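Chemist: just need the structure, nothing else, for what follows:
(2 chains)
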Amino acid sequence: AQTVTQSQPEMSVQEAETVTLSCTYDTSENNYYLFWYKQPPSRQMILVIRQEAYKQQNATENRFSVNFQKAAKSFSLKISDSQLGDTAMYFCAFILPDSNYQLIWGAGTKLIIKP
Amino acid sequence: NAGVTQTPKFRILKIGQSMTLQCTQDMNHNYMYWYRQDPGMGLKLIYYSVGAGITDKGEVPNGYNVSRSTTEDFPLRLELAAPSQTSVYFCASSPWTTSPGTQYFGPGTRLTVL
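Modeler: Below you'll find the predicted structure:
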């Protein structure tokens, strides 16, 4: 069975610090896509970053970057220079191309940025 | 582009009532999804569609029905509402060829069944 594990239910850091959220997943497939989604208190689900498993280069989006370790099945999210607006639930997810693109979700990490 | 829109934003139902949650996307995406999110939990897939006229069950389909008569619209029907269906419902859409797997979400509908 395909699974996603986020081992940190909650984290908090001071504003401007760097924080890393961990995610591990389990699949026997070689081709898949990985995602981090953010859900702020407004509840809107927002795509943060996307990684294609066949690409070795780690994806980056401004202050957000990932550390993708395919052999270890690890996909951590690093947020640099954290801001108050980064306070949200963060969900890790992956998808298999031949699964009708059904996302497999982790349980989420609640991130609190303190002023 | 409005993206994915959902109506209503909030709704309170009595046990046994029925309602339809509306979802529309203007991005010409083939794939569409309905999820529910219970308090403090992740998302669970209710139904999905890979194109007009094609729908399939997800993880938690009981008590719900869907239809997909057009590419744009993917309504979710709740029949005989029960308190267990109190949740936030999200609709999402996904492109087939560009950015495979990426899902774009609507703002959600908060449903309470009393």
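
Chemist: skipping adjacent residues, who's closest to the residue nearest in space to the middle of chain B in space?
Modeler: To find the centre residue of chain B, average its C-alpha atoms and take the closest one (Cα atoms, centre = their mean): that gives B:Trp34, at 2.9 Å. What sits nearest to B:Trp34 in space, not counting adjacent residues and going by Cβ to Cβ, 6 or more residues apart in numbering or on different chains, is B:Ile46, at 4.4 Å. Where C-beta positions appear, they are placed from N, C-alpha and C, glycine not excepted.

Chemist: and that neighbour, how far is that from A:Ser82?
Modeler: Between B:Ile46 and A:Ser82 the distance, using Cβ to Cβ, to the nearest Å, works out to 34 Å.

Chemist: circling back: tell me the secondary structure at the residue nearest to the centre of chain B.
Modeler: Of the three states, B:Trp34 takes strand according to DSSP: H, G, I helix; E, B strand; the rest coil.

Chemist: list the beta-bridge partners for it.
Modeler: B:Tyr47, B:Cys91 (DSSP bridges).

Chemist: on that earlier part again, what residues are up against the residue nearest to B:Trp34?
Modeler: Contacts for B:Ile46 were tallied using Cβ atoms under 8 Å, 6 or more residues apart in numbering or on different chains; they are B:34-36, B:58-61, B:64, B:66, B:76, B:89.

Chemist: I'd like those as TSV, with pLDDT and secondary structure appended.
Modeler: What follows is the contacts of B:Ile46, written out as TSV (pLDDT from 0 to 100; DSSP: H, G, I helix; E, B strand; the rest coil):
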residue	pLDDT	secondary structure
B:Trp34	97	strand
B:Tyr35	96	strand
B:Arg36	95	strand
B:Gly58	92	coil
B:Glu59	89	coil
B:Val60	94	coil
B:Pro61	95	coil
B:Tyr64	97	strand
B:Val66	97	strand
B:Leu76	98	strand
B:Tyr89	97	strand
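
Chemist: identify the residues contacting A:Ser65.
Modeler: The contact partners of A:Ser65, taken as Cβ under 8 Å, 6+ apart, are A:49, A:58-59, A:77-78, A:80.

Chemist: tell me if I'm right that B:Tyr35 and B:Phe90 touch.
Modeler: Yes. Counting by Cβ atoms under 8 Å, a contact exists between B:Tyr35 and B:Phe90, whose distance comes to 4.6 Å.

Chemist: need the overlap of contacts for the two.
Modeler: Common neighbours of B:Tyr35 and B:Phe90, using Cβ under 8 Å, 6+ apart, are B:Leu43.

Chemist: what average pLDDT does stretch A:94-101 get?
Modeler: Averaged over stretch A:94-101, pLDDT sits at 79.

Chemist: same question, stretch B:96-112
Modeler: Across stretch B:96-112, the average pLDDT comes to 88.

Chemist: can you tell me which two in the contacts of A:Ser65 are farthest apart?
Modeler: The most widely separated members of the contacts of A:Ser65, counting by Cβ to Cβ, are A:Ala59 and A:Ser80 (14.1 Å).

Chemist: need the pLDDT of B:Ser69.
Modeler: The pLDDT attached to B:Ser69 in the predicted structure is 96.
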